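Undergrad: Structure for this input, please:
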Amino acid sequence: MAEEVRPPLQDDASHPMACWREDRSGWARREPHAAAASGTPHHGRVSEPPAQPSEVRDGPADADALPLTGYTVAVTAARRREELGALLERRGARVLYAPAIRIVPLADDTELVAATRAVLAAPVDLVVATTGVGFRGWLSAAGTWGLPLVEHLRPARMLARGPKARGAIRGAGLVDAWSPGSESSAEVLAHLLSGAEGRLEGRRIAVQLHGDPLRDFVSELRRAGAEVVTVPVYRWELPEDVGPVRRLVGQVIGGSVDAVTFTSAPAAAGLLRVAGELGRHDELVAALRDRVMVVAVGPVTAGPLTDLGVPTVQPERARLGALAREVAARLPERDPVTTEAARSDRP
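TA: Residues are numbered from 1 along each chain as shown. As a prediction, this is how the structure comes out:
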C-alpha cells in the first residue's frame, strides 16, 4: 500500500527522516516486541499495503457488539486514510485523522531527469523495481520527456520487490524475472548477493527508489563490484498542514488515544520528528511504550519505533482489512474494561 523536507532525502544522512532504513539484518529480520511475544507472523514492507477495493466491505462488524466502541484510534496514513478510518469506525472506534507524511512526486524534478539520463547512458544488466506506483511513474515521466526508457530496459533482468511492482513491470510490456516472497528489499538484496543473478562485479544495476535512499542496499551492491544507478521517483515529506500531527502528539501523551496505526515507516518517522520539533519526543516514546497500543502493518513499517523500544502489534497480512481486524481483536484484549462511558470525559 503506498503511502504518502528538504532538498531531497536520498543522500542526506543527517536528514531527520533518514533514521529509518531496511537492510539485511534490520527491520525485515527483526522481531518487534509485542508481535514476537504473540507469535504474529511478519510481512515486512516499506510502503502501505496494496489496494484491495473490497476491503471497505471486508469483515462486517456486528452492529450489536462493536468491538471498538469507546476506543479512540489514530490514523497516520495519508493515502487511503478514509478507507482505513471507515473500517475502524464500522467496528465502533472513534477515529482521529493525522496524516504524518505526504508523497512528493518528482516527475518534473531535475534529479529524476538526471537519473533517467544516467540509466540511458549505457546498457543495464539488472533493474530493481521497488514499488508499482513509483515504477509506473518513472516510465510515464520518461515518456513525457521523449526518452526511450522502456526499450532501453527491455534486455535487462527485471526484479520486482512485490506484486505491485511486478504488475507495473508487466503493464509496461516488460518481463519480470524474479520477486521475493516477503516483499522485502532485504530479500532482494540477499538474492542478488547470493549469486542467483550471476556475478555482480562489473554489472550495471538500476534501482528505483521509493522515498527511502536504501543506502545499505546500494552500498552492498557497490561493495560487490556493481555499478549502481539510483532513481529517486518520489520522496517523503511532512504534510503541508502539520497541525493534526502536532495535536496527535499531545493527545497520545495526554492519554486520550488508545491506539495509533501506521501503514508506512516514513509516517512513524514523521510523527517522531514532529514530536521532536515540539520538544516532546521522549514523552511521546514513553506513551507509545506504555499506555498506547501501536499497530503497524509490518516490521519494516514498525522499524523507526522498534529502534526506540516501542512494542508493536502487526497483522498476519499487510492489508488494510487485516490491520483493522487486528486493532479490533487486540485493543479490547489489551484493555478489556474500557467502556464508552468511562472515556466520554477524556480530551
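Undergrad: On the pLDDT front, check I205 for me.
TA: Looking at I205, its pLDDT is 98.
Undergrad: which residues does it bridge with?
TA: L126, V228 (DSSP bridges).
Undergrad: show me the contacts for it.
TA: 124-128, 192, 221, 226-229 (CB atoms under 8 Å, 6 or more residues apart in numbering). (C-beta placed from N, C-alpha, C; glycine too.)
Undergrad: Would you map the helices across the stretch 101-250 of the chain?
TA: In the stretch 101-250 of the chain, the segments counted as helices under DSSP state H, counting those that start in this stretch are 110-120, 132-144, 149-153, 163-171, 185-193, 215-223, 243-254.
Undergrad: what about the strands in the chain?
TA: 72-75, 94-97, 102-105, 126-129, 157-160, 176-178, 204-209, 227-232, 234-237, 259-262, 293-296 (DSSP state E).
Undergrad: I'd like the distance from S182 to L189, if you could.
TA: 12 Å (CB to CB, to the nearest Å).
Undergrad: wait, G70 sits on G92?
TA: Yes - between G70 and G92 there is a contact under CB atoms under 8 Å: 7.5 Å.
Undergrad: Longest helix in the protein, please.
TA: helix 320-334 (DSSP state H).
Undergrad: so what secondary structure elements neighbour it?
TA: Using 3 or more CB pairs under 8 Å, 6 or more residues apart in numbering; DSSP states H and E as the contact criterion, the elements in contact with helix 320-334 are helix 81-89, strand 259-262, strand 293-296.
Undergrad: and those as JSON lines, adding mean pLDDT, mean neighbour count and distance to P213?
TA: Shown next, in JSON lines, are the helices and strands packed on helix 320-334 (pLDDT from 0 to 100; neighbours: other CB atoms under 10 Å; distance: least, CB to CB, whole Å):
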{"stretch": "helix 81-89", "mean pLDDT": "93", "mean neighbour count": "21", "distance to P213": "26"}
{"stretch": "strand 259-262", "mean pLDDT": "97", "mean neighbour count": "28", "distance to P213": "20"}
{"stretch": "strand 293-296", "mean pLDDT": "96", "mean neighbour count": "27", "distance to P213": "21"}
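Undergrad: export the ones you listed to a markdown table and tack on distance to A324?
TA: Converted to a markdown table, the helices and strands packed on helix 320-334 look like this (distance: least, CB to CB, whole Å):
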| stretch | distance to A324 |
| --- | --- |
| helix 81-89 | 4 |
| strand 259-262 | 8 |
| strand 293-296 | 9 |
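Undergrad: Could you say which one of those comes nearest to L284?
TA: strand 259-262 (9.9 Å; CB to CB).
Undergrad: could you dump the closest one to CSV, C-alpha only?
TA: Taking Å, rounded to 0.1, in the frame of the first residue of the first chain, the C-alpha atoms of strand 259-262 are listed here in CSV:
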residue,chain,number,x,y,z
ALA,A,259,-4.1,3.1,19.6
VAL,A,260,-2.1,4.6,16.8
THR,A,261,-2.0,2.9,13.4
PHE,A,262,0.9,3.1,10.9
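Undergrad: so how far is it from its chain's centroid?
TA: Strand 259-262 has its C-alpha centroid displaced from the chain centroid by 13 Å (CA atoms, centre = their mean, to the nearest Å).
Undergrad: other SSEs contacting that strand?
TA: strand 72-75, strand 293-296, helix 299-306, helix 320-334.
Undergrad: Any idea which of the ones you listed has the lowest pLDDT on average?
TA: helix 299-306 (a mean of 87).
Undergrad: okay, the angle between it and helix 320-334?
TA: Orientation check (axes from the mean of the first three to the mean of the last three CA atoms, to 10 degrees): helix 299-306 against helix 320-334 gives 40 degrees.
Undergrad: Give me the helices and strands touching helix 299-306, please.
TA: Using 3+ CB pairs under 8 Å, 6+ apart, helix 299-306 sits against helix 33-38, strand 259-262, helix 265-277, strand 293-296.
Undergrad: how big is the angle separating the third one from helix 243-254?
TA: This points to helix 265-277. Using the same axes, to 10 degrees: helix 265-277 against helix 243-254 is 70 degrees.
Undergrad: Show me what counts as buried in helix 265-277.
TA: Using 16 or more other CB atoms under 10 Å as the test for burial, helix 265-277 gives 265-275.
Undergrad: can you give me how far that helix is from the chain middle?
TA: 13 Å.
Undergrad: cool, and the last one?
TA: Averaging C-alpha coordinates over strand 293-296 and over its chain gives two centres that are 14 Å apart (CA atoms, centre = their mean).
Undergrad: do you know how far L305 is from E316?
TA: On the measure of CB to CB, L305 and E316 end up 19 Å apart.
Undergrad: and what of A177?
TA: Taking CB to CB, one finds A177 at 28 Å from E316.
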